[in-house]
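K.L.:
The sequence and its predicted three-dimensional model are supplied below.
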Amino acid sequence: HAGVYYLRGAALERFAQMTSWDYYESITRFQKVLKACGAQEALEKAGVRNGDTVVIGKVDLEWSNASEQEMLESFQMEAGKQLKGTRHWPTPGHG
């Protein structure tokens, strides 16, 4: 199962485009927005799973159901990435 899910909406697309994906704190803020606007629940109801791609405007993200600690460790260990923050979700870089 390798799915691709699309989220549409001018405000959400603009927010995704403006998010600094190198900072864990920015990523968790984006995740809170997805939850608050109902997008996270809609994706989960649609069947999104770990490793699926979520496309929001021009931003492609890899969906993760990892715990916050697992996400932090993944962010810190990602090869070649300069650690600029302490947090991570979702994994950018599919496009």
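P.N.:
Perfect, thanks for sending it. Numbering: from 1, shown residues only.
K.L.:
by contact count, what packs against the longest helix seen in the chain?
P.N.:
Secondary structure of the chain per DSSP state H: the longest helix is helix 24-36. Packing partners of helix 24-36 (3 or more Cβ pairs under 8 Å, 6 or more residues apart in numbering; DSSP states H and E): helix 10-18, helix 39-46, helix 68-77. Heads up, the C-betas are built off the backbone N, CA and C, glycines and all.
K.L.:
so can I have a markdown table of those helices showing distance to Y24?
P.N.:
As requested, the helices and strands packed on helix 24-36 are arranged in a markdown table below (distance: least, Cβ to Cβ, whole Å):
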| stretch | distance to Y24 |
| --- | --- |
| helix 10-18 | 16 |
| helix 39-46 | 18 |
| helix 68-77 | 5 |
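K.L.:
Can you tell me which of these has the worst average pLDDT?
P.N.:
Mean pLDDT across the helices and strands packed on helix 24-36 is lowest at helix 68-77; the value there is a mean of 72.
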